[in-house]
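1. structural data only, the sequence is not supplied:
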């Protein structure tokens, strides 16, 4: 049961990054601002995720703090997707992450 849940959470992480990029590239601004936001927002989320949440994270956090950082990243991705004009997929992104994370916890995955 854990393998499909882990695969789903990985796909949701990619969707979170894509949501941040979508927001940036669809801003009503000049191309340089769209380029900076479209590349910068997912890069910032990826750096935070890699530093605190990935299996090879450079900063080891206690489980509740790690969960809080993960939630903040997904909520940020959801908000950015909603700001890009897609509120339903934004809610689905965050809700699917929460359900998958809960099921992974029940399956015994501490991360």
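-> Everything's here; your move. Remember, it's a predicted structure, so these values are computed and weren't measured experimentally. Numbers count the residues shown, from 1 in each chain.
2. going forward, measure contacts between C-alpha atoms and count neighbours the same way
-> OK.
3. what about this structure, any weak spots by pLDDT?
-> 110-111 (pLDDT under 70).
4. can you report phi and psi for the residue located most distally from the centre of it?
-> What lies farthest from the middle of the chain is residue 30; by C-alpha atoms, centre = their mean that is 25.9 Å. Dihedral pair for residue 30: phi -70, psi 160, per degrees, to the nearest 10.
5. and it, how far from residue 18?
-> 20 Å (C-alpha to C-alpha, to the nearest Å).
6. what do you get for residue 100?
-> 19 Å.
7. so how far is stretch 14-25 off the chain centroid?
-> 9 Å (C-alpha atoms, centre = their mean, to the nearest Å).
8. my bad, stretch 101-111
-> 17 Å.
9. other residues contacting that stretch?
-> Here stretch 101-111 makes contact (C-alpha atoms under 8 Å, 6 or more residues apart in numbering) with 1-2, 5-6, 9, 63, 66-67.
10. so which pair among these is furthest apart in space?
-> Maximum pairwise distance among those (C-alpha to C-alpha): 22.5 Å, between 1 and 66.
11. the more surrounded of those two?
-> residue 66 (18 against 8; other C-alpha atoms under 10 Å).
12. can you tell me the closest non-neighbouring residue to the more buried one?
-> Spatial nearest neighbour of residue 66, chain neighbours left out: residue 53 (6.0 Å); criterion: C-alpha to C-alpha, 6 or more residues apart in numbering.
13. measure how buried that neighbour is and give me the count.
-> There are 24 residues near residue 53, going by other C-alpha under 10 Å.
14. which residues touch it?
-> So residue 53 contacts 66, 69-70 (C-alpha under 8 Å, 6+ apart).
15. ok, 10 Å please
-> By C-alpha atoms under 10 Å, 6 or more residues apart in numbering, the contact list for residue 53 reads 46-47, 59-61, 63, 65-70, 73, 111.
16. in CSV: those residues, plus distance to residue 79 and secondary structure.
-> What follows is the contacts of residue 53, written out as CSV (distance: C-alpha to C-alpha, whole Å; DSSP: H, G, I helix; E, B strand; the rest coil):
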residue, distance to residue 79, secondary structure
46, 16, helix
47, 18, helix
59, 26, coil
60, 27, coil
61, 25, coil
63, 24, helix
65, 21, helix
66, 20, helix
67, 18, helix
68, 16, helix
69, 15, helix
70, 14, helix
73, 10, helix
111, 24, coil
